[in-house]
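K.L.:
turn this into a model:
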Amino acid sequence: MFYFYLMFFCFLVAKNLYPPADFDDETNTSSIIGPTNNANHKSGPVEANFLSTSSVITVASSTLSSMSFPVTFISTSENNDSIVWIFEGSTASPTTLRGNISSPSSVATRVYYQEFGRYDVVHAVSNKTDIDIIKKKDYVTYEFLDNLTIDSSNEDSWEVISEESIGWIAPNDEYFYAGCKDALISFHTLRDQITGNILPNNNVDHTLTKSFRSFGTKPKNLVFEYKMEFIDLPSVIDSDMKVSLSYNPVIDLGSGISSSTLSESHELWSDSSYDVTNFRQIVIPLPNLRDFDLIFTKYPSVLDEQNNQKHPFTVCVRGIRIVAAE
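P.N.:
Predicted coordinates:
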């Protein structure tokens, strides 16, 4: 009988000292929270839970600089006396905040996020006899979502680099194209909006560029969707036509030497196939640089005797994001 009571006592102690099975963090539980053993505190079961004002932060600015975004977390736990928060990736100092239910700043806590990433949130509560810990993995995500605009006077927009200021077109009412809704488009044939005449830069490279600054040095991926549509599919392989994505690193050499942009762009991805008639998603690792330029280029197909493309095609790009790498 003594052995039975001993085992039962051990079971109760283990129940109070260890978190639920779904808490998979390697951190020692006792370093996060434990029963208070305070005679004046509440007793009985507790359950950790919380709400937040946001969990997904997206920005359209191509210059992050010192931008930071607040998120307020509110504990909805009951019957507890002590509260602990752990905010991975936040600018809170320290990232582990401890308090009690009599402190409003512990029940409702505001912290800030400044760098791209996916961040865990841990919330722990306890009273004199029980504890509970909840960990929400990748609860807060912070990423760049492109605004898909073209305006050389706006640093947050793309800029067309070609013989004339057209070649790529941002989504708008005048150039609405059902096949490429909400996408940057380089049409198979570019015409003057008034006369309808084919523009002279129809058979040159159509280049679209954008500058990105202060994007941190953490590993990050560029994500976008694209498709290519041909008027008539080529009967033979056309090695000229292609759509590509390149980047220019912008490096500050320091010590009185001004920053400079390398003259040659470096290709990250390209496609010259004939079967991309539906949108496909591309995920490309970006160099771990703070400052860089991205360039989308549509190369024309081979030209006929009249200097026109033999196999004109349309390229559409949408859903451009920069996210933290896995």
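K.L.:
show me how the chain divides into domains.
P.N.:
2-143, 146-324 (automatic domain parsing).
K.L.:
as CSV, these with mean neighbour count and mean pLDDT would be great.
P.N.:
For glycine as for every other residue, the C-beta is placed from the backbone atoms N, C-alpha and C. Formatted as CSV, these follow (neighbours: other Cβ atoms under 10 Å; pLDDT from 0 to 100):
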stretch, mean neighbour count, mean pLDDT
domain 2-143, 16, 82
domain 146-324, 16, 85
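K.L.:
contacts only, for residue 121.
P.N.:
With contacts defined as Cβ atoms under 8 Å, 6 or more residues apart in numbering, residue 121 is in contact with 50, 52, 73, 85-88, 135-136, 139-140.
K.L.:
okay, those residues in CSV with distance to residue 117 next?
P.N.:
Listed next are the contacts of residue 121 as CSV, based on distance: Cβ to Cβ, whole Å:
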residue, distance to residue 117
50, 20
52, 16
73, 17
85, 18
86, 15
87, 12
88, 9
135, 16
136, 15
139, 11
140, 8
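K.L.:
these into JSON lines, with extra columns for distance to residue 167 and secondary structure?
P.N.:
Shown next, in JSON lines, are these (distance: Cβ to Cβ, whole Å; DSSP: H, G, I helix; E, B strand; the rest coil):
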{"residue": "50", "distance to residue 167": "49", "secondary structure": "strand"}
{"residue": "52", "distance to residue 167": "43", "secondary structure": "strand"}
{"residue": "73", "distance to residue 167": "47", "secondary structure": "strand"}
{"residue": "85", "distance to residue 167": "51", "secondary structure": "strand"}
{"residue": "86", "distance to residue 167": "50", "secondary structure": "strand"}
{"residue": "87", "distance to residue 167": "45", "secondary structure": "strand"}
{"residue": "88", "distance to residue 167": "43", "secondary structure": "coil"}
{"residue": "135", "distance to residue 167": "49", "secondary structure": "strand"}
{"residue": "136", "distance to residue 167": "45", "secondary structure": "strand"}
{"residue": "139", "distance to residue 167": "42", "secondary structure": "strand"}
{"residue": "140", "distance to residue 167": "39", "secondary structure": "strand"}
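K.L.:
which one of those sits closest to residue 122?
P.N.:
Ranked by distance to residue 122 (Cβ to Cβ), the contacts of residue 121 are led by residue 86 at 3.9 Å.
K.L.:
relative to residue 205, how far out is that closest one?
P.N.:
Relative to residue 205, residue 86 is positioned 51 Å away (Cβ to Cβ, to the nearest Å).
K.L.:
repeat that for residue 170.
P.N.:
19 Å.
K.L.:
got it, and residue 231?
P.N.:
With the distance defined as Cβ to Cβ, residue 231 ends up 19 Å from residue 205.
K.L.:
now residue 179, what's its secondary structure?
P.N.:
State at residue 179, reduced to three classes by DSSP: H, G, I helix; E, B strand; the rest coil: helix.
K.L.:
on the three-state scheme, the nearest residue to it once chain neighbours are set aside is what?
P.N.:
Take residue 179 and drop its neighbours on the chain: the residue closest to it by Cβ to Cβ, 6 or more residues apart in numbering is residue 229, 6.5 Å away. Three-state call for residue 229 (three-state DSSP): strand.
K.L.:
I am finished for the moment; much appreciated.
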